[in-house]
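J.: All I have is the shape, not the residue letters:
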Ligand code: Z5A
């Protein structure tokens, strides 16, 4: 990380895996170290992206291809309007989901294929890739229990047990095969998951986050 390149970190995982909880803790930790943080979520994070999110999560039926193209549209706006400018200012960008979600949910979950999704991800992001993607893995039953405690399911959450099982398996596979992706156990208590995320940052970005300095 240099002042004019920033650092791009992504939290990923199935529903209820604790991404939002960990994004909050990590943002606080980064800010306490004097870093400037842009926190975003996908789909969303821009005016157009939040409109697209509403269609994706709350409209009636969508075909898998239409779902993927809407995810990619929201991503394209987010990258161009917010993420690239923030990285150019030297900020840490902390994203709750990014391109790996499309690979897990649309590529494998919906069966559209990883090569197709990879190509569309590259087009939507104009080749921007995270410095590190951290996958928090929980079994579907744990994710669903945590999600149910929060209220009525949205369109994608209602997609069925087989779909969510495929998504969880996809994350495990992708975390092992994709470069720049690390896998953590999201079943651990929040403080333990946070500590594991910090260990990863110390390991991968020792210059920016020297070990032994909190
Ligand atoms: N989607 C897609 O299909 N393709 C794409 O390309 C993209 C997205 C970008 C976005 O929904 C949906 O879009 C998502 C994938 C799809 N659909 N699904 N399913 P979202 O962003 O609104 O929802 P989500 O990403 O699935 O997040 P979530 O359900 O809100 O979960 P989370 O952020 O991972 O977890 P959380 O909010 O931090 O925690 C959930 C609850 O568990 C909460 O009560 C916490 O207090 C509790 N929690 C958190 N961590 C722990 C631990 N460690 N132990 C115990 N309890 C915990």
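T.: Happy to help now that I have it. Treat the numbers as computed from the prediction; the structure is a model and nothing was measured.

J.: Helices along this structure, start to end?
T.: Remark: helices of the chain, listed N- to C-terminal, are 19-32, 47-58, 64-78, 84-88, 99-101, 114-125, 140-148, 161-177, 190-204; assignment by DSSP state H.

J.: Check which helices and strands the first one sits against.
T.: It refers to helix 19-32. When contacts are defined as 3 or more C-beta pairs under 8 Å, 6 or more residues apart in numbering; DSSP states H and E, helix 19-32 sits against strand 7-12, strand 37-41, strand 92-96, helix 190-204. For glycine as for every other residue, the C-beta is placed from the backbone atoms N, C-alpha and C.

J.: Could you tell me which residues of this structure lie near the ligand?
T.: With C-beta under 6 Å from any ligand atom as the criterion, the chain comes near the ligand at residues 13, 15-21, 41-43, 71, 97, 101-102, 105-106, 146-147, 149-150, 156-157, 189-190, 193.

J.: Show the buried residues in these.
T.: Burial of those was assessed by neighbour count (16 or more other C-beta atoms under 10 Å); the buried members are 13, 15-19, 21, 41-43, 71, 97, 101-102, 105-106, 146-147, 156-157, 193.

J.: For this structure, which helix or strand comes out least confident on mean pLDDT?
T.: For the chain, the helix or strand with the lowest mean confidence is helix 140-148, at a mean of 87 (criterion: mean pLDDT, DSSP states H and E).

J.: tell me what that helix is packed against?
T.: helix 161-177.

J.: And for the residue nearest the centre of the chain, nearest residue in space, chain neighbours not counted?
T.: The residue lying closest to the centre of the chain (C-alpha atoms, centre = their mean) is residue 97, at 1.7 Å. Across the structure, with C-beta to C-beta, 6 or more residues apart in numbering as the measure, the residue nearest residue 97 apart from its sequence neighbours is residue 42 (4.1 Å).

J.: Return the residues in contact with that neighbour.
T.: Under the criterion of C-beta atoms under 8 Å, 6 or more residues apart in numbering, the contact list for residue 42 reads 49, 71, 74-75, 78, 95-98, 101.

J.: repeat that with 10 Å
T.: 10, 12, 49, 53, 71, 74-75, 78, 95-99, 101-102 (C-beta atoms under 10 Å, 6 or more residues apart in numbering).

J.: do the same with residue 38
T.: Shown in contact with residue 38 (C-beta under 10 Å, 6+ apart): 6, 8, 27, 45, 82-83, 85-87, 89, 91-95.

J.: same thing but 6 Å
T.: The contact partners of residue 38, taken as C-beta atoms under 6 Å, 6 or more residues apart in numbering, are 86, 91, 93.

J.: For these, pick the one with the most neighbours.
T.: Ranked by the number of neighbours (other C-beta atoms under 10 Å), the contacts of residue 38 place residue 93 first, at 25 neighbours.

J.: Check whether it really touches residue 86, as I assumed.
T.: Yes - taking contact to mean C-beta atoms under 6 Å, the distance of 5.1 Å between residue 93 and residue 86 places them in contact.

J.: There's contact between residue 117 and residue 104 in this structure, I believe.
T.: No - in this structure, residue 117 is not within contact of residue 104 by C-beta under 6 Å, at 9.2 Å.

J.: Tell me the confidence at the closest residue to residue 91 other than its chain neighbours?
T.: Distances taken as C-beta to C-beta, 6+ apart put residue 36 closest to residue 91, at 4.6 Å, once the chain neighbours are dropped. Note on residue 36: pLDDT of 97.
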